[in-house]
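Novice: I would like to see how this sequence folds:
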Amino acid sequence: MKERPNLTQFMEQLIRALKEEERFSTAHIYQSTLNALRLFCKADVIRFNQMDRSRLKQFESHLRNKGCAWNTVSTYMRTLRSTYNKAVDEGLAEEKPRLFRHVYTGVKANTKRALDAGDMSKLLKAPLPQSLSQSLEKSRAWLTLMFLLRGMPFVDLAYLHKKDLQDSVISYRRHKTGTLLTVEVPPTAMKLIQQYKSMDADSPYLFPILSGNRESKEEYIEYQHALRKLNYDLKQLAVYCSIKFNVSSYLARHTFATMLLSKGVPIESVSKMLGHTNIKTTQIYARITNKKIEQDMMQVADKFDGFKNCFIN
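Specialist: Down below sits the predicted model:
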């Protein structure tokens, strides 16, 4: 009789399956979770019966002592929970009700990830000296497009196809959830699209962020490199603009969402614009709004001629 897989082997099976489905980002999360668990257990082989409330709580403490943020802890725990539940469904593990109840699996939003209107305007509009790298201008263009295109994530911008743009409308499926979104492209964004669009006739992509001529795994690596470069450039741009803020690719999405929520746009509408499949995700943005953003909301609308078009459904 064939021996049933242990937790380690089962996670490795899931990782292989995710890679075959070209879900490389999710596979990376599963692999990171497995690596962290192996390090904690000081063993390469981990059995399902080793998973109990006490051991999970110790794992949580171990991650925190290693300097992991609560959201990282949550990601690892939710990945383990998903793995364990799948194993239970396949008869590989004992069902243990509320096994993960006493470890953190939520999302903390106490870290500010959105700029107020004044700083956002400075970041997107401040003149840059020619001595600075041209890549900063391109990275700022990506940030501006993400902001004007209803908080579009960088991964969705990178994977936009030329055929997704018809006249002044972009229709695309979110890379993360597959949700279909339609965005009216404001004039400012259209100018940037024309300026920075891919000129490679053989590439299917709208922008030259991805080459369009690589295998799926290589393309994932190419995207990760582009993301790291963008985040590096944005941090350099923030320093030049004297913005004391941990700027990253998430900035456009969070700023767009918090500005709308602070102005009183219904959370259901914001959730739909962002392509969230669960309104609880949108509520994370609602918890980090503040009065200053509310007061400055119309300032940003005046400074960016295309911003008001972002409200079109």
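Novice: tell me the SS of residue 195?
Specialist: Following DSSP: H, G, I helix; E, B strand; the rest coil, we place residue 195 in the helix state.
Novice: state the mean pLDDT of the helix or strand harbouring residue 252.
Specialist: In this assignment (DSSP states H and E), residue 252 forms part of helix 251-262. Mean pLDDT, computed over helix 251-262, is 86.
Novice: that one: how far from the chain's middle?
Specialist: In terms of CA atoms, centre = their mean, to the nearest Å, the centre of helix 251-262 is set 14 Å apart from its chain centre.
Novice: can I get it in CSV? Just the C-alpha atoms.
Specialist: Extracted in CSV, the C-alpha atoms of helix 251-262 (Å, rounded to 0.1, in the frame of the first residue of the first chain):
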residue,chain,number,x,y,z
LEU,A,251,0.7,53.7,-2.6
ALA,A,252,-1.5,54.5,-5.6
ARG,A,253,-4.2,51.9,-4.7
HIS,A,254,-4.4,52.9,-1.1
THR,A,255,-4.4,56.6,-1.7
PHE,A,256,-7.1,56.3,-4.4
ALA,A,257,-9.3,54.2,-2.1
THR,A,258,-8.8,56.4,1.1
MET,A,259,-9.5,59.6,-0.8
LEU,A,260,-12.8,58.2,-2.2
LEU,A,261,-13.9,56.9,1.2
SER,A,262,-12.9,60.1,3.0
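Novice: against which helices or strands is it packed?
Specialist: helix 117-125, helix 134-148, helix 267-274, helix 279-286, helix 291-303 (3 or more CB pairs under 8 Å, 6 or more residues apart in numbering; DSSP states H and E). The way it works is simple: take the backbone N, C-alpha and C, and place the C-beta from them, glycine included.
Novice: how about that helix: buried residues?
Specialist: Residues 251, 252, 253, 254, 255, 256, 257, 258, 259, 260, 261, 262 are the ones in helix 251-262 that count as buried (16 or more other CB atoms under 10 Å).
Novice: now do stretch 262-282
Specialist: For stretch 262-282, by 16+ other CB under 10 Å, it's 262, 267, 270, 271, 272, 273, 274, 275, 276, 282.
Novice: for those residues, which one is nearest residue 49?
Specialist: Ranked by distance to residue 49 (CB to CB), the buried residues of stretch 262-282 are led by residue 276 at 37.3 Å.
Novice: can you tell me the element the closest one falls in?
Specialist: Residue 276 belongs to no helix or strand when elements are defined using DSSP H and E.
Novice: that one against residue 282, yeah?
Specialist: Yes - contact criterion CB atoms under 8 Å: residue 276 and residue 282 qualify, at 5.1 Å.
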